[in-house]
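S.K.: Got a predicted structure here, sequence first:
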Amino acid sequence: MAPPILSYEDLGLVQGEGWLFRHLDLHVGPRDRLALIGRNGAGKTTLLKCLAGVIDTDEGKRTIVPGKKVVLLEQDPPMGAHATLEEWVLAGEDPPEPHAAAAIADQLGIDLARTTQTASGGERRRAAIVRALAREPDVLLLDEPTNHLDLAAIDWLEGWLQRFSGAFIVISHDRTFLTRLTKSCLWLDRGQIRRAEVGFGGFEAWTERVYAEEERAAEKLDAKLKLELHWLQRGVTARRRRNQGRLAKLGEMREARAAMIGGPGVSKLGLARDDTKTKTVIDAEAVVKRFAERTIIKDFTLRIQRGDRIGIVGANGAGKTTLLKLLTGELQPDEGKVVQAKTLNGIVIDQQRKLMSPEKKVREVLADGGDWLEVRGVKKHIKGYLKEFLFSPELTEAPVASLSGGERSRLLLAREFARASNLLVLDEPTNDLDLETLDLLQEVIADYEGTVLIVSHDRDFLDRTVTVTLGLDGSGKVDVVAGGYEDWAKRRAPAKAPAPAKKKAEESGTRPPPANRKLSFKDQRDLDRLPGEIERIEREIAADEAAMADPELYTRDPRRFSALMASIEKKRSEKEAAELRWLEVAEMAEGLG
């Protein structure tokens with residue numbers, strides 16, 4: 001094994017009133033391809049900056065082989081002091097060679113003459129990539145490199161990194177990107193760092209084993225203490241397993257949509273005429289949209305039903321935002337028509353995070369300063385709702401300024417998903433979110449009863465959430481494909497061989513179907529009885545939550561309030577166990593079929 005070229009021994013850093021992490025040992029070999037994974041707020045970005053030497057730690061020793069260069073690609077580097085992107089790219093103590101920067105910029109399709117003040121998020125991100133890669137690093141530290149990039153730029157960056165002769169550590173929410181590139185994983189969790197010599201495709205299976213070992217160790221703890229310490233870990237594990245069931249349901253929905261869409265070139269979701277009034281929420285017919293001499297959208301026809309989840313993909317500038325605005329009525333077509341249902345009530349979650357005023361407290365953002373909020377017509381206590389979105393209940397008084405970028409995004413999702421609506425518009429929703437929050441977002445979208453429109457470059461996220469993909473190639477044509485990103489990619493390149501089944505199973509985290517055998521009596525009984533059992537538990541939870549909706553209960557009868565909280569927590573655990581058991585026997589039954 002080759003000796004490391006970058007090491008940090010006994011690394012410790014104080015943040016706020018305590019240690020963010022302590023006693024961390026990291027070693028980076030000359031050809032390492034490492035995924036750095038952890039929840040928002042765990043300190044991933046801070047750790048990269050420590051490795052880059054940008055932050056001085058409170059403990060530890062950083063060692064780098066003489067002559068080796070470490071380069072950090074930050075999420076949002078400051079550019080304000082420079083007039084143009086080129087001026088910023090070529091600035092600094094160790095600037096790249098101008099010709100090298102120009103060559104990479106040309107391949108990435110970025111005009112470095114653009115002023116920093118007018119550059120878009122995608123242009124700034126490309127300039128940052130140019131600056132990092134052109135400096136010819138030996139160790140490359142990448143913090144969310146695919147944010148604001150379109151699919152073409154992501155493909156180019158993947159190819160560059162596959163050919164890269166040095167080492168890299170990457171933080172990314174893009175599962176496809178991580179799976180294709182990484183060979184090892186660094187897991188930053190609760191102030192500790194763990195390393196496994198598996199690529200990201202094996203990460204979830206590895207963490208499942210770690211959590212299982214911790215759960216066995218926790219059996220010796222007091223039951224209540226165990227509940228408080230491990231609610232997040234159990235939630236993550238259960239969510240991953242439940243999402244496998246949702247993926248199966250998503251496949252069925254896609255098959256139904258494929259039957260409606262028909263063959264290539266037929267883009268109208270066919271519906272019986274008597275269903276149109278009740279199920280169609282957006283009806284676009286023969287739509288054309290031009291800007292100056294360029295036709296952005298041409299001859300586009302689509303009927304969107306209630307409950308559809310529509311993904312919109314394409315290169316930057318291909319017309320994704322234009323199409324989204326046409327569908328929602330923000331823009332009017334030059335030809336054709338787009339009709340929205342009169343009852344459509346939408347919310348838009350975009351990249352601006354406009355609700356995230358730094359001086360506000362979490363309680364103010366979620367509940368206007370109170371203890372209760374209304375979640376789609378149901379009153380919930382703020383602490384219980386925070387746990388649903390993977391926050392500690394103790395964060396109610398924390399200012400937004402103290403949260404990481406990803407935590408702010410998660411808080412915005414929690415606030416917006418509480419609102420009553422039947423149309424959800426998500427513009428690059430995965431930016432700044434950790435993988436656990438992405439699992440949560442997939443679950444929330446799957447359970448959302450309305451229609452969802454998603455603009456995203458995250459291929460895995462689209463494959464796990466949408467029923468129909470609208471693909472734009474920049475010519476004005478819009479492909480309508482039942483399925484996710486991979487289905488659209490296959491339509492565009494039908495000769496491309498599919499990935500082996502074994503690799504696909506590894507990437508998705510699913511297990512192959514069990515060997516063909518007859519269900520036992522107990523398995524069959526559980527398969528039959530558990531749906532009713534789950535419904536009964538859900539009714540009991542709803543009854544307890546209705547009792548807790550009394551705003552005077554906490555003051556009038558604190559014991560009753562605490563008992564209801566404990567009852568809800570217990571019943572949610574029972575429901576979770578029942579769901580997981582049902583999924584297990586359902587998978588077994590499917591394997592027999």
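M.R.: Alright, I've got the coordinates.

S.K.: Okay, residue 20 and residue 575: tell me how far apart.
M.R.: Separation of residue 20 from residue 575 (Cβ to Cβ, to the nearest Å) stands at 35 Å. C-beta: built from backbone N, CA, C; applies to glycine.

S.K.: hmm, I was thinking of residue 343
M.R.: When residue 343 is compared with residue 575 (using Cβ to Cβ), they lie 32 Å apart.

S.K.: If you count surrounding residues, which of those two has more?
M.R.: Shown here are residue 343 and residue 575; by other Cβ atoms under 10 Å, residue 575 has more neighbours (19 against 9).

S.K.: Please look at that one and residue 540 and confirm they touch.
M.R.: No. Using Cβ atoms under 8 Å, residue 575 is not in contact with residue 540, being 9.2 Å away.

S.K.: so residue 316 makes contact with residue 154?
M.R.: No. With contact defined as Cβ under 8 Å, residue 316 does not count as touching residue 154 (11.0 Å).

S.K.: OK, contacts around the most centrally placed residue in the chain?
M.R.: Centroid-nearest residue in the chain: residue 438, 3.2 Å away (criterion: Cα atoms, centre = their mean). By Cβ atoms under 8 Å, 6 or more residues apart in numbering, residue 438 lies in contact with 173, 175, 430, 461.

S.K.: farthest pair in these?
M.R.: 175 and 430 (9.8 Å; Cβ to Cβ).

S.K.: Tell me the residues that contact both of those two, please.
M.R.: With Cβ under 8 Å, 6+ apart, residue 175 and residue 430 have common neighbours 438, 458, 461.

S.K.: Name the SS class of the spatially closest residue to the last one that is not a sequence neighbour, please.
M.R.: Okay, so that is residue 461. Sequence neighbours aside, residue 430 is the residue nearest to residue 461 in space, at 5.2 Å (criterion: Cβ to Cβ, 6 or more residues apart in numbering). Three-state call for residue 430 (DSSP: H, G, I helix; E, B strand; the rest coil): coil.

S.K.: how close does residue 430 sit to residue 168?
M.R.: Taking Cβ to Cβ, one finds residue 430 at 21 Å from residue 168.

S.K.: Run through the residues that contact residue 465.
M.R.: By Cβ under 8 Å, 6+ apart, the contact set of residue 465 is 250, 309, 311, 442, 445, 446, 452, 454, 484.

S.K.: State the distance from residue 560 to residue 379.
M.R.: Residue 560 is 16 Å from residue 379, by Cβ to Cβ.

S.K.: Which residue ranges of the stretch 301-450 of the chain form helices?
M.R.: 320-328, 362-367, 382-388, 405-417, 435-447 (DSSP state H, counting those that start in this stretch).

S.K.: Just the CA trace of the last one, in CSV.
M.R.: The reference is to helix 435-447. C-alpha atoms of helix 435-447 as CSV (Å, rounded to 0.1, in the frame of the first residue of the first chain):
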residue,chain,number,x,y,z
LEU,A,435,-28.1,12.0,1.6
GLU,A,436,-30.4,11.4,4.6
THR,A,437,-32.4,14.5,3.8
LEU,A,438,-32.7,13.4,0.2
ASP,A,439,-34.2,10.1,1.4
LEU,A,440,-36.6,12.1,3.5
LEU,A,441,-37.5,14.4,0.5
GLN,A,442,-38.1,11.3,-1.7
GLU,A,443,-40.5,10.0,1.0
VAL,A,444,-42.4,13.3,1.3
ILE,A,445,-42.8,13.6,-2.5
ALA,A,446,-44.0,10.0,-2.7
ASP,A,447,-46.6,10.6,-0.1
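
S.K.: name the element residue 523 belongs to?
M.R.: helix 521-548 (DSSP states H and E).

S.K.: Which elements pack onto that helix?
M.R.: Applying 3 or more Cβ pairs under 8 Å, 6 or more residues apart in numbering; DSSP states H and E, we find helix 521-548 packed against strand 378-381, helix 558-592.

S.K.: Tell me which other helices or strands the longest one touches.
M.R.: For helix 558-592, the elements it packs on are helix 223-261, helix 521-548, helix 553-556, judged by 3+ Cβ pairs under 8 Å, 6+ apart.

S.K.: quick one: contacts for residue 367?
M.R.: Residue 367 makes contacts with 373, 382, as judged by Cβ under 8 Å, 6+ apart.

S.K.: State the distance from it to residue 440.
M.R.: 20 Å.

S.K.: Over to residue 399?
M.R.: Residue 399 is 23 Å from residue 440, by Cβ to Cβ.

S.K.: isn't there a helix covering residue 35?
M.R.: No. Read with three-state DSSP, residue 35 is strand and lies in no helix.

S.K.: Just grab the bridge partners of it for me.
M.R.: residue 170, residue 185 (DSSP bridges).

S.K.: Just give me the neighbour total for it.
M.R.: Neighbours of residue 35 (other Cβ under 10 Å): 26.

S.K.: per-residue pLDDT, the residue nearest to the centre of the chain?
M.R.: Note on residue 438: pLDDT of 85.

S.K.: Just the endpoints, please. Distance across stretch 325-332?
M.R.: This stretch, stretch 325-332, spans 8 Å end to end (Cα to Cα, to the nearest Å).

S.K.: Now do it, average pLDDT.
M.R.: Rounded mean pLDDT across stretch 325-332 is 93.

S.K.: How far off centre is that stretch?
M.R.: Put simply, stretch 325-332 sits 26 Å off its chain's centre (Cα atoms, centre = their mean, to the nearest Å).

S.K.: Equivalent analysis for stretch 111-129, please.
M.R.: Worked out by Cα atoms, centre = their mean, stretch 111-129 lies 24 Å from the chain centre.

S.K.: I'd guessed residue 52 sits against residue 74; true?
M.R.: No. Counting by Cβ under 8 Å, residue 52 does not reach residue 74; the two are 9.1 Å apart.

S.K.: Can you pull the phi/psi pair for residue 11?
M.R.: phi -70, psi 130 (degrees, to the nearest 10).

S.K.: OK, contacts around it?
M.R.: Applying Cβ under 8 Å, 6+ apart to residue 11 gives the contacts 21, 22, 23, 24, 25, 26, 47, 50, 57, 59, 60, 62.

S.K.: about what we covered before: right, so of the helices of the stretch 301-450 of the chain, which gets closest to residue 475?
M.R.: helix 320-328 (13.3 Å).

S.K.: quick one: residue 540 and residue 572 touch, right?
M.R.: No. Residue 540 is not in contact with residue 572 according to Cβ under 8 Å; the separation is 10.3 Å.

S.K.: Residue 551: neighbour count?
M.R.: By other Cβ under 10 Å, 13 other residues sit near residue 551.

S.K.: Done for today, thanks.
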